[in-house]
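Student: Predicted structure and sequence below. I'll ask about it afterward.
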Amino acid sequence: MKHRINVCGLMLLGIKRVYDKASISDGKRILIDRLWPRGVKKSTANIDFWLKDVAPSDELRKWFDHDPEKWEEFKRRYEDELKSNKAFEELKKLVHENDVTLIYAAKDEKYNNAQVLLLLLK
């Protein structure tokens, strides 16, 4: 896991690709993508929660298309979507009560929705 930070002084928050091996130190593994990852069986994914409604809208996801030149605008638009998002409120509660790893499928480890959520949940 590349990123792991303390939240509220006690809980740990990290991000990891769904294709990386699960670890006991992951805590609660929360899939934050709208679509189930290709080639991953639900029975073996070790996902505790699937909060697909916390993911960017289909329109925003397709517009962004993991283009680094659109990154700053993507972050701004995604943050706007999250302001009235009930799933984001649920995620904040989970992060403050548990060690959590946000699970995502994107190939790009730098420009993805997990990075935005990690920044917002710090």
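Tutor: Great, that's in hand.

Student: separation between the closest residue to Ile47 other than its chain neighbours and Leu91?
Tutor: In space, and not counting its chain neighbours, Ile47 is closest to Leu31: 4.8 Å by CB to CB, 6 or more residues apart in numbering. For every residue, glycine as well, the C-beta is placed using N, CA and C. Distance of Leu31 to Leu91, computed by CB to CB, to the nearest Å: 11 Å.

Student: Mind listing the shared neighbours of these two?
Tutor: By CB atoms under 8 Å, 6 or more residues apart in numbering, Leu31 and Leu91 have these common neighbours: Leu51.

Student: Need the pLDDT of the closest residue to Asp108 other than its chain neighbours.
Tutor: Distances taken as CB to CB, 6+ apart put His66 closest to Asp108, at 4.7 Å, once the chain neighbours are dropped. We have a pLDDT of 92 for His66.

Student: Which of the helices or strands spans Ile15?
Tutor: Take DSSP states H and E as the rule and Ile15 turns out to sit in strand 11-17.

Student: so what strands line up beside that strand?
Tutor: strand 3-7 (antiparallel), strand 100-104 (parallel) (DSSP bridges).

Student: And Tyr44, what's its pLDDT?
Tutor: Wrong residue type there; residue 44 is Thr, not Tyr. 90.
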